[in-house]
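Peer 1: need a structure here:
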Amino acid sequence: MSKYFKTKRARKESILGLGFLLPSFLGVSIFVLIPFIDAVRRSFSETMTRKFVGLANYKVVFSNEAFKLAAKNTGRFLIICIPLLLILSLVFSILLFSIKKLHNLIKTTFLIPMVIPAASIVLLWKVFFDDFGFLNKIIIHFGGSGTDWMNSSKAFYVLVFTYIWKNIGYDIILWLAGLNGISGSIYEAASVDGAGPISKFVYITIPNLMSTLFIVTVLSLINSFKVFREAYLIAGDYPHESIYMLQHVFNNWFTNLDIQKMCAGAVLVAIVLLTIIIVIQKLTGSDKGEVV
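Peer 2: All right, here's what the predicted structure looks like:
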């Protein structure tokens, strides 16, 4: 009899759980899955006639110079920013974890860049990196010559700085959640065995943070595509070639109603991102069902 009630209770809990998930699933299906499926269909056809053209749109995208430049810049941006953000945020989170005083205040300070609107960040850019901005005034004051930061190759590094500045606080909070999930008794046992700080970090902290590493890396990857807002607001549709990203290409194709190219490019980006996420999942062991 008790087994029956347990089964009935488990069934009710499953139905309740599905009920909570249903609104989110419907929203994702309507606004993400269905449009993406339609984009896949459009990537193999002409926009006006809907005639099936096979891989013709993909060939056009691969031969497009703007797409090649944007893909190159985006890849370079990801290769530099993601590892740098992960390392810096992990270092700061470990330091913050060891500091008990003013713990919450420091965490809040790191999160402030996330709540600042993109338009306000653009104003900060102009204050610091404009021809007559604060940074150039300091350089000229010490005998140097001013730099047109946003219309030179240095614009790329300004974008890198902005991305890290805005996202480091969010990643620190995620790392702290992972660090809080590691039992203190493990460190105590290691100390009894004579393990030093480096050994504890290598053999205890890092292995127990692998699932957190997967989450932080994927979210950092997704957030890297949001930096386009700042680049677009300050430099427009066609910024300096060093910060001409895939989002610029898609935005310009959409403006010109090159829907078939935009859909083909979106499918290619989705495939690359999915592949990267699967590789990260395999490397971190998150596919084995480990829990943070």
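
Peer 1: from here on, contacts and neighbour counts on C-alpha atoms
Peer 2: Will do.

Peer 1: average pLDDT across whichever strand or helix holds Leu179?
Peer 2: Take DSSP states H and E as the rule and Leu179 turns out to sit in helix 154-180. Averaged over helix 154-180, pLDDT sits at 87.

Peer 1: I'd like to know which elements it is packed against.
Peer 2: helix 65-98, helix 103-115, helix 210-224 (3 or more CA pairs under 8 Å, 6 or more residues apart in numbering; DSSP states H and E).

Peer 1: gap between that helix and the chain center?
Peer 2: Centroid separation between helix 154-180 and its chain, computed with CA atoms, centre = their mean, to the nearest Å, is 9 Å.

Peer 1: Could you tell me which residues within it count as buried?
Peer 2: Within helix 154-180, the residues scored as buried using 16 or more other CA atoms under 10 Å are 155-160, 162-179.

Peer 1: low pLDDT regions in the stretch 151-292 of the chain?
Peer 2: For the stretch 151-292 of the chain, residues meeting the criterion pLDDT under 70 lie at 286-292.

Peer 1: again, 50 this time
Peer 2: 290-292 (pLDDT under 50).

Peer 1: Val122 is nearest to which of the helices and strands packed on helix 154-180?
Peer 2: helix 103-115 (12.5 Å; CA to CA).

Peer 1: The closest one: which residues count as buried?
Peer 2: Those would be Lys107, Phe110, Leu111, Pro113, for helix 103-115 by 16+ other CA under 10 Å.

Peer 1: For those residues, give me TSV that also has pLDDT and distance to Phe132.
Peer 2: Compiled in TSV, those are given as follows (pLDDT from 0 to 100; distance: CA to CA, whole Å):
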residue	pLDDT	distance to Phe132
Lys107	70	34
Phe110	73	29
Leu111	75	29
Pro113	76	24
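
Peer 1: could you point out which element follows the helix holding Leu179?
Peer 2: helix 184-192.

Peer 1: tell me which residues of that following helix are tucked away?
Peer 2: Tyr187, Ala190.

Peer 1: sorry, back to before: possible to save the buried residues of helix 103-115 as TSV with distance to Ser29?
Peer 2: Shown next, in TSV, are these (distance: CA to CA, whole Å):
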residue	distance to Ser29
Lys107	35
Phe110	34
Leu111	31
Pro113	31
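
Peer 1: Where does His248 fall, secondary structure wise?
Peer 2: Per DSSP H and E: helix 246-255 holds His248.

Peer 1: what does that helix rub up against?
Peer 2: Residues outside helix 246-255 that contact it (CA atoms under 8 Å, 6 or more residues apart in numbering) are 66-67, 70-71, 74, 225, 228, 232, 237-238, 259, 261-262, 265.

Peer 1: go again using 6 Å as the cut-off
Peer 2: Helix 246-255 has contacts (CA atoms under 6 Å, 6 or more residues apart in numbering) with Ala70, Ala71, Met262.

Peer 1: Name the member of those with the most neighbours.
Peer 2: Met262 (23 neighbours; other CA atoms under 10 Å).

Peer 1: For Val249, see how far away that residue is.
Peer 2: 8 Å (CA to CA, to the nearest Å).

Peer 1: Can you name the next helix or strand after the host helix or strand of Ile34?
Peer 2: Ile34 is part of helix 34-42, with elements assigned from DSSP H and E. Using DSSP H and E, the helix or strand that follows helix 34-42 towards the C-terminus is helix 56-63.

Peer 1: So which residues make contact with that next one?
Peer 2: Lys261, Ala264.

Peer 1: now that helix: mean pLDDT?
Peer 2: So the average pLDDT for helix 56-63 ends up being 91.

Peer 1: What residues sit buried inside it?
Peer 2: Here helix 56-63 shows Ala56, Asn57, Tyr58, Val61 as buried, counting by 16+ other CA under 10 Å.

Peer 1: CA atoms of that helix as PDB?
Peer 2: Coordinates of each C-alpha in helix 56-63 appear next as PDB, following Å, rounded to 0.1, in the frame of the first residue of the first chain:
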ATOM      1  CA  ALA A  56      24.200  27.600 -52.700                       C
ATOM      2  CA  ASN A  57      23.500  30.100 -49.800                       C
ATOM      3  CA  TYR A  58      26.300  28.500 -47.800                       C
ATOM      4  CA  LYS A  59      28.800  28.900 -50.700                       C
ATOM      5  CA  VAL A  60      27.800  32.600 -50.900                       C
ATOM      6  CA  VAL A  61      28.400  33.100 -47.200                       C
ATOM      7  CA  PHE A  62      31.800  31.300 -47.300                       C
ATOM      8  CA  SER A  63      32.900  33.400 -50.200                       C
END
